[in-house]
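In: When you get a sec, could you give me coordinates for this:
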Amino acid sequence: MDSFASTARQYDDGQNNREEIPAEIQQFGWKPPVKLPDGSIVEGDFLAANHLNQIFYDLYQKLKASVVITKEVITDAGGYQVLSNGDIEMWGSATTGSDGNAVLNLPLAMPGPTRDIQFTVAHATGNVYVTSLQPNSTYTAFTVHVVTPAGALASGVTILWRVKYHKPRSNGV
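Out: As a prediction, this is how the structure comes out:
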């Protein structure tokens, strides 16, 4: 079941299947029946079905809107997560060769381009700079070029990376 009372309905007597719960009940909850010292019972609040329908409806709407991990793969080399909203997050590491380049192989092909890439230089002797980043045409890898402040090629530099693909939303964001 992935919804509850999702269709608004009005009954013949004018009642709706869902009604907003009064603020006082939202704040304190329903008052239960109370047993008095003399043994008599004072009635508690009436739990209306249309209030209960509203609670379940709201909960299902919030569950649908939440983002959860639908797939996760983690290895020694990195990993990825696919989220229920279509976003993908991947991470890993790469080391530059003698040409100053490191190829960041993504564990999963991205469905499209991304602008959300993060780097951390984990192991380097002295300061280094990432001077360029080039994706391949299939969105399965990026090549990073690393140099020293003097412009020399930086080899043996370990780069930790994280790439996020954000699925385009219907609102354009």
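
In: Neighbouring strands of the helix or strand of the chain with the lowest mean pLDDT in the sheet, and parallel or not?
Out: Across the helices and strands of the chain, mean confidence by mean pLDDT, DSSP states H and E is lowest for strand 129-135: a mean of 80. The strands that strand 129-135 pairs with in its sheet are strand 141-147 (antiparallel) (by DSSP bridges).

In: Could you pull out the strands in the chain for me?
Out: Along the chain, counting by DSSP state E, strands occupy 34-35, 41-42, 69-75, 78-83, 88-95, 101-105, 116-123, 129-135, 141-147, 158-165.

In: what packs against the fourth one?
Out: If contacts are counted by 3 or more CB pairs under 8 Å, 6 or more residues apart in numbering; DSSP states H and E, strand 78-83 sits against strand 69-75, strand 88-95. For the C-beta atoms, the positions are set from N, CA and C on the backbone; glycine is no exception.

In: Okay, now the unreliable bits of this protein?
Out: 124, 171-173 (pLDDT under 70).

In: which residues touch the residue nearest the centre of it?
Out: In the chain, the centroid-proximal residue (CA atoms, centre = their mean) is Val67; its distance is 4.5 Å. Applying CB atoms under 8 Å, 6 or more residues apart in numbering, we find Val67 in contact with 83-85, 87.

In: Including mean neighbour count, could the strands of the chain go into a markdown table?
Out: Output for these, formatted as a markdown table (neighbours: other CB atoms under 10 Å):
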| stretch | mean neighbour count |
| --- | --- |
| strand 34-35 | 10 |
| strand 41-42 | 10 |
| strand 69-75 | 11 |
| strand 78-83 | 18 |
| strand 88-95 | 19 |
| strand 101-105 | 19 |
| strand 116-123 | 13 |
| strand 129-135 | 14 |
| strand 141-147 | 19 |
| strand 158-165 | 19 |
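
In: Fine by me, we can end here.
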